[in-house]
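In: all I have is the shape, not the residue letters:
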């Protein structure tokens with residue numbers, strides 16, 4: 001079996017590898033094929049393209065093409081582990097039957113059936129400021145209400161938003177922050193239910209006090225998918241604590257087969 005690891009918005013392939021590679025290797029063995037692509041305009045995927053290129057279905061198709069190029073057996077069952085945006089891309093891969101997904105882990109999902117829900121509204125603001133002012137626009141962003149609302153609820157969440165200004169090539173790639181949050185991960189809850197009907201087993205992991213990745217969205221995903229829902233400590237309790245809990249919860253679930 002192979003495992004596909006998908007990163008979050010503004011991050012790159014190193015994010016899920018850093019959290020989950022050791023867990024997957026420990027459970028599946030050293031011969032497990034780990035595939036961790038960079039999504040368009042992230043990491044080593046240098047092309048930006050047009051706004052339409054950031055539709056989730058297009059991103060999912062691009063990821064699936066990368067997986068097929070790397071995976072020697074296109075029919076081999078696949079485990080998908082996606083974080084935030086990666087969860088949205090992963091669920092689209094499964095829903096659109098782009099790859100033979102056997103089981104899936106969706107970590108801190110942030111997208112649902114709405115275009116630009118309140119929790120994702122900071123990203124287009126960051127993207128526009130980056131396009132206009134570059135990384136120096138971080139000071140301007142900190143004056144905006146969308147930032148203050150996040151940082152008051154979660155200082156760690158605020159720091160994560162500010163980190164977008166320091167991401168590699170952030171200004172040239174600003175379109176990703178403007179366009180991707182406008183996407184819907186699914187059309188309605190019944191669409192999610194089609195995965196369990198097809199025998200695809202899922203785990204959803206959420207965290208409290210995360211205004212960008214609200215726990216109620218994780219609850220909604222788990223309900224629609226008829227999946228196990230698990231919780232990890234908030235980012236404000238320390239990134240090490242959250243990472244350790246993610247490894248433990250996901251590892252325990254993967255061991256069930």
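Out: Right, received. Where do you want to start? Source: prediction; values computed, not measured. Numbering: from 1, shown residues only.

In: check which helix or strand residue 106 maps to.
Out: In this assignment (DSSP states H and E), residue 106 forms part of strand 101-107.

In: what stretches of the stretch 51-200 of the chain score poorly on pLDDT?
Out: For the stretch 51-200 of the chain, the stretches flagged by pLDDT under 70 are 72.

In: going along the chain, name the helices of it.
Out: 56-70, 85-95, 122-133, 138-141, 145-153, 155-163, 175-179, 189-197 (DSSP state H, counting those that start in this stretch).

In: quick check: buried residues in the helix or strand that the last one is followed by?
Out: So that's helix 189-197. Using DSSP H and E, the helix or strand that follows helix 189-197 in sequence is strand 201-206. Applying a neighbour-count criterion of 16 or more other CB atoms under 10 Å, one finds 201, 202, 203, 204, 205, 206 buried in strand 201-206. (Each C-beta comes from the backbone N, C-alpha and C, glycine too.)

In: try stretch 242-257
Out: For stretch 242-257, by 16+ other CB under 10 Å, it's 242, 243, 245, 246, 247, 249, 250, 253, 254.

In: please apply the same query to stretch 157-165.
Out: Counting neighbours by 16+ other CB under 10 Å, stretch 157-165 gives 157, 158, 160, 161, 162, 164, 165 as buried.

In: likewise stretch 210-227?
Out: Applying 16+ other CB under 10 Å to stretch 210-227 flags 210-215, 217-218, 220-222, 224-225, 227 as buried.

In: now pLDDT, secondary structure and distance to residue 233 too, for these, in a markdown table please.
Out: Listed next are those as a markdown table, based on pLDDT from 0 to 100; DSSP: H, G, I helix; E, B strand; the rest coil; distance: CB to CB, whole Å:
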| residue | pLDDT | secondary structure | distance to residue 233 |
| --- | --- | --- | --- |
| 210 | 98 | coil | 10 |
| 211 | 98 | coil | 16 |
| 212 | 98 | coil | 16 |
| 213 | 98 | coil | 13 |
| 214 | 98 | coil | 16 |
| 215 | 98 | helix | 12 |
| 217 | 98 | helix | 18 |
| 218 | 98 | helix | 14 |
| 220 | 98 | helix | 21 |
| 221 | 98 | helix | 19 |
| 222 | 98 | helix | 18 |
| 224 | 97 | helix | 25 |
| 225 | 98 | helix | 23 |
| 227 | 97 | coil | 20 |
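
In: distance to residue 7 for those residues - can I get that in JSON lines?
Out: Below are the buried residues of stretch 210-227 laid out as JSON lines (distance: CB to CB, whole Å):
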{"residue": "210", "distance to residue 7": "17"}
{"residue": "211", "distance to residue 7": "20"}
{"residue": "212", "distance to residue 7": "15"}
{"residue": "213", "distance to residue 7": "14"}
{"residue": "214", "distance to residue 7": "20"}
{"residue": "215", "distance to residue 7": "21"}
{"residue": "217", "distance to residue 7": "18"}
{"residue": "218", "distance to residue 7": "18"}
{"residue": "220", "distance to residue 7": "22"}
{"residue": "221", "distance to residue 7": "18"}
{"residue": "222", "distance to residue 7": "21"}
{"residue": "224", "distance to residue 7": "23"}
{"residue": "225", "distance to residue 7": "21"}
{"residue": "227", "distance to residue 7": "21"}
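
In: understood, closing this out.
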